[in-house]
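Visitor: sequence and predicted structure, then a few things I'm wondering about:
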Amino acid sequence: MSSSDDNVALSLRNGDMDQDEDMPLSQISSKSTDTTSVDGNSIESKKLGKKRKASTPTNDKAKKVKRAKNTIKSESDDEDIPLASTTTPPKKTPKKKTESAIAKPENGTKKVKSAKKNGVKKVDAIKKENEAKTEKESSSTREDEEEEEEEKYKWWEAEDVDGEQKWESLEHNGVIFPPEYEPLPSHVKLHYDGKPVDLPLEAEEVAGFFGAMMETDHAKNPTFQKNFFEDFCKVLKDAGGCNVNIIDFHKMDFSKMHAHFEMLRDQKKLLSKDEKKAIKAEKDKFEEPYKTCLLNGHKEQVGNFRIEPPGLFRGRGAHPKTGKLKRRVMPEDVTLNLSEGCKIPEPPQGHKWAEVRHDNTVSWLAMWKENIADSFKYVRFAANSSIKGLSDFKKFETSRKLRYHIDEIRKDYTKMLKDPLMQNRQMATACYLIDIFALRAGGEKGEDEADTVGCCSLRYEHITLKPPNKVIFDFLGKDSIRFYQEVEVDKQVFKNLRIFKKPPKQPGDDLFDRISPPLLNKQFQNYMKGLTAKVFRTYNASKTMQDQLDLIPNEGTVAEKVVKFNAANRTVAILCNHQRTVSKTHGSSVQKIHDKLKELEWQKIRAKKMILQLEPGLKRKDPEYFEELDDLSKEDTEHIHRAVIERTREAARKRFQRENDKLKIEDKPLLTEKDLQERMEKVNELEKEYAEELKTGKPQIKKSITVEKLKSQVETLTNRIVNTTFQLKDKEDNSEVSLGTSKMNYIDPRLTVMFSKKYNVPIEKLFTKTLRDKFNWAIESADENWKF
DNA sequence: CCAGTGACTTAGCAGCGAAGTG
DNA sequence: CACTTCGCTGCTAAGTCACTGG
């Protein structure tokens, strides 16, 4: 935000503060019709009694009656609940100030024009804005550079003013539809109960979807199977059925289909480099027109210009609809959005569009309705477009503005944790959880969706309380990612959570039964325009990153600094609970690195032993250098020997095979079994040598070796050991943390740019190409002094 | 008022080419 | 050079939140 805007915000805010200190959060109590006090005698909330699967089957009605009393009287340690518990909370004059009052003065009509400005000018605008920070008060200075000043304001305030309008003109070439279904060759069939099935094409396609996924976890999921089978049978029936009566999923055999797809894949892989290149070139040429569009006369990338192909819905977690058929989207389903009067893209031969719209209040280019959840899918601009950039910029500016209000907000909710009104306590407690543990808002979800929760939808069974103040969170959040944390909380928060869990509440019941995300957000708006629950995540993520970066000393190599940057990034990712599934190979690859480390260690020790054999006197000269000679146990050494031998053998065999393959192609005489034997004999000799070495503890020495050579070997090995150790630690630390999501969505990119410039780390080491494009505005605008 | 709708951001993962390794 | 591992990108599911209209 601009300096002057911040000023206004500050002064207004302070003025307000004098009138009513901690109004916003408590304001709700005076307005609310639900005057249930924390200590009981309230009407039952509608939310109570809503049950999920986790709850034990009980009579809901009976429970509702029981739960009607939400008293805190039996809370033994609740001595600091206000005495006024039976009265309505102290009313305060409703606060009139809103954020809009702050924003309004800035909103001149001239800013509307700014929406037309292109990206380059906008970037300049940000730069100017930063420079202007030092000139906050000086209005005359501002007028001096009015021309440019105007532009800079326009950039980021344009949409505040004219939030309605997203574009002046928009022209594009429509969308790409997936290729038509290609029937399988006649010998590739589904089998049922051992017999080949003649499927109509429509059904064959659906069966093929499953066949292609046979080896995935989805295909083993009973819900997936059930949903797939239902939809498959329906498609089959609608297409006229087939020669076999298919009634049992488990009698379906997709293996022929699966093998066929595998074969196609292998075939594709085997194509020569040039062939692959040619195919790609053709594809690129075909897609070219769809990749870009004209926004206000400027060329911009389109994001997802391909219509999603049909397939089986892969829901995440325990999604009730997983495996259902995602039907093919036809042009008749697709609505286009573009400027009035511009050329309308031709629909595919013999088809027509569902609708052509000219709505410049939205930023999508095309839209269709999907058949799984009946929701919309959009074709949108790419992340590097000005539209997305602007909204990203605004997102970060909003979250950045939160720093002016966060102290007050925290003070208010801390105070309100003790409010006698149940709703207010829930409100305050939710604010605390969202702020401190970066929980999501947690809206309501339907029966036909995966059972995941956020703050407001947390249920009884999702938290465990361990006095005096420990809370264990254990629930599935967005994408069914597990949120598990054992934490210590504010004492009053602990008490409140205990109250929210008090009988008659039981598993299946909402903890926060008197609040909802909209209610929460309404409160947040009183502090700051645009403040919602999700802003806290962005704010706290970026704030954490800033703090972590500030701790990094400006020294060392680029690689070291990158490692430290990533560590800071990781702190944020952990805060936001951004996880990734540990790869199937993780365990073995960690083991591999361990083994490698051991082996390096062994090599190093071995080299040192050789040094001593050549020059025994060295041990007295530098005992430290030879300290580790006995670090490896005999068993370990033997184990390593065996591994090395085995690997050598394997390599010899493979090499033999490879050479023979080559000779075969060249039509030359092949190596014989005897050649192989000879090579193996060499390995056997090495094996004997090692066995001997194990007995004597003395490695054999080659004639050509010298102490100098060995010392340099040791040094190389030491370096490799250090590097590998770091690599291992990084791998383990990162195995289940995903850094990408926070870098892309939560950490203000200007922080990364600041780090890059201040620490002389090339931005390429911190942002991938795509992120550099997406955050170009930040790269061009932030300098080494930028602060979140 | 509030449930439903619509539009947007946030999210993890598959697949693939690039880079690293022996 | 062959093989493995890494890291990026594209894909699309799953959230949030504002708005609408009965």
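Guide: Noted; the coordinates are in hand.
Visitor: per-domain residue ranges of chain A.
Guide: A:191-275, A:281-382, A:393-531, A:585-735 (the TED database).
Visitor: which one, of these, ends up nearest to residue A:751?
Guide: domain A:393-531 (9.5 Å; C-beta to C-beta). Just so you know, the C-beta spots here come from the backbone N, C-alpha and C atoms, and that holds for glycine as well.
Visitor: ok, back up a step: out of the domains of chain A, nearest to residue A:744?
Guide: In terms of C-beta to C-beta, the element of the domains of chain A nearest to residue A:744 is domain A:393-531, at 12.1 Å.
Visitor: run the chain-centre distance for the closest one.
Guide: Put simply, domain A:393-531 sits 21 Å off its chain's centre (C-alpha atoms, centre = their mean, to the nearest Å).
Visitor: so which residues on the stretch 651-788 of chain A come close to DNA strand C?
Guide: Residues of the stretch 651-788 of chain A lying close to DNA strand C (C-beta under 7 Å from any atom of the strand) are A:654, A:658, A:731, A:740, A:768-771.
Visitor: ok, so of those, who is nearest residue A:441?
Guide: Looking across those and measuring by C-beta to C-beta, the closest to residue A:441 is residue A:740, at 22.6 Å.
Visitor: and the pLDDT for the closest one?
Guide: We have a pLDDT of 93 for residue A:740.
Visitor: now do the same contact list for it.
Guide: residue A:578 (C-beta atoms under 8 Å, 6 or more residues apart in numbering).
Visitor: does residue A:520 touch residue A:429 like I think?
Guide: No: in terms of C-beta atoms under 8 Å, residue A:520 does not count as a neighbour of residue A:429; the distance is 11.0 Å.
Visitor: tell me who's in contact with residue A:306.
Guide: A:175-176, A:178, A:290.
Visitor: which pair of those residues spans the longest distance?
Guide: Maximum distance among the contacts of residue A:306 (C-beta to C-beta): 13.1 Å, for A:178 and A:290.
Visitor: compare the two (neighbour count), which wins?
Guide: residue A:290 (18 against 13; other C-beta atoms under 10 Å).
Visitor: ok, now which ones touch that one?
Guide: Residue A:290 makes contact with A:172-176, A:302, A:305-306, according to C-beta under 8 Å, 6+ apart.
Visitor: nearest to DNA strand B among these?
Guide: Closest to DNA strand B out of the contacts of residue A:290 is residue A:302 (13.2 Å), distances taken as C-beta to the nearest atom of the strand.
Visitor: for that closest one, give me the pLDDT.
Guide: pLDDT at residue A:302 comes out at 95.
Visitor: write down the beta-bridge partners of it, one by one.
Guide: residue A:381 (DSSP bridges).
Visitor: just checking, it touches residue A:171?
Guide: No: with contacts counted by C-beta under 8 Å, residue A:302 stays clear of residue A:171, the gap being 11.5 Å.
Visitor: residues shared between the contacts of the two?
Guide: Counting by C-beta under 8 Å, 6+ apart, the contacts common to residue A:302 and residue A:171 are residue A:293.
Visitor: of those two, give the one with the bigger neighbour count.
Guide: residue A:302 (21 against 17).
Visitor: residue A:595 versus that one, what's the distance?
Guide: 48 Å (C-beta to C-beta, to the nearest Å).
Visitor: host element of residue A:387?
Guide: helix A:386-401 (DSSP states H and E).
Visitor: returning to what we had before: ok, the contacts of residue A:306 vs residue A:680, which is closest?
Guide: Distances from residue A:680 to those, taken by C-beta to C-beta, are shortest for residue A:178, at 53.5 Å.
Visitor: spit out the contact partners of the closest one.
Guide: A:306-310, A:328.
Visitor: wasn't it part of a helix?
Guide: No: per DSSP: H, G, I helix; E, B strand; the rest coil, residue A:178 lies outside any helix segment and is coil.
Visitor: and it, what's its pLDDT?
Guide: 96.
Visitor: gap between the residue lying closest to residue A:669 once chain neighbours are set aside and DNA strand B?
Guide: What sits nearest to residue A:669 in space, not counting adjacent residues and going by C-beta to C-beta, 6 or more residues apart in numbering, is residue A:663, at 7.0 Å. Look at residue A:663 and DNA strand B: by C-beta to the nearest atom of the strand, to the nearest Å, they are 19 Å apart.
Visitor: just the CA trace of stretch A:573-593, in PDB.
Guide: Output in PDB follows, covering the C-alpha atoms of stretch A:573-593 (Å, rounded to 0.1, in the frame of the first residue of the first chain):
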ATOM      1  CA  ALA A 573       5.900 -24.600   5.300                       C
ATOM      2  CA  ILE A 574       5.700 -26.300   8.700                       C
ATOM      3  CA  LEU A 575       3.700 -23.400  10.100                       C
ATOM      4  CA  CYS A 576       1.200 -23.800   7.300                       C
ATOM      5  CA  ASN A 577       1.300 -27.600   7.500                       C
ATOM      6  CA  HIS A 578       2.300 -28.000   3.900                       C
ATOM      7  CA  GLN A 579       3.100 -31.700   3.500                       C
ATOM      8  CA  ARG A 580       3.900 -34.100   0.800                       C
ATOM      9  CA  THR A 581       3.600 -37.900   1.000                       C
ATOM     10  CA  VAL A 582       6.900 -39.500   1.600                       C
ATOM     11  CA  SER A 583       7.900 -41.100  -1.700                       C
ATOM     12  CA  LYS A 584       7.700 -44.900  -1.800                       C
ATOM     13  CA  THR A 585      11.400 -45.000  -2.300                       C
ATOM     14  CA  HIS A 586      12.300 -42.600   0.500                       C
ATOM     15  CA  GLY A 587      13.200 -45.300   3.100                       C
ATOM     16  CA  SER A 588      15.400 -47.200   0.800                       C
ATOM     17  CA  SER A 589      17.100 -44.000  -0.600                       C
ATOM     18  CA  VAL A 590      17.900 -42.900   2.900                       C
ATOM     19  CA  GLN A 591      19.300 -46.300   3.700                       C
ATOM     20  CA  LYS A 592      21.300 -46.100   0.500                       C
ATOM     21  CA  ILE A 593      22.800 -42.800   1.600                       C
END
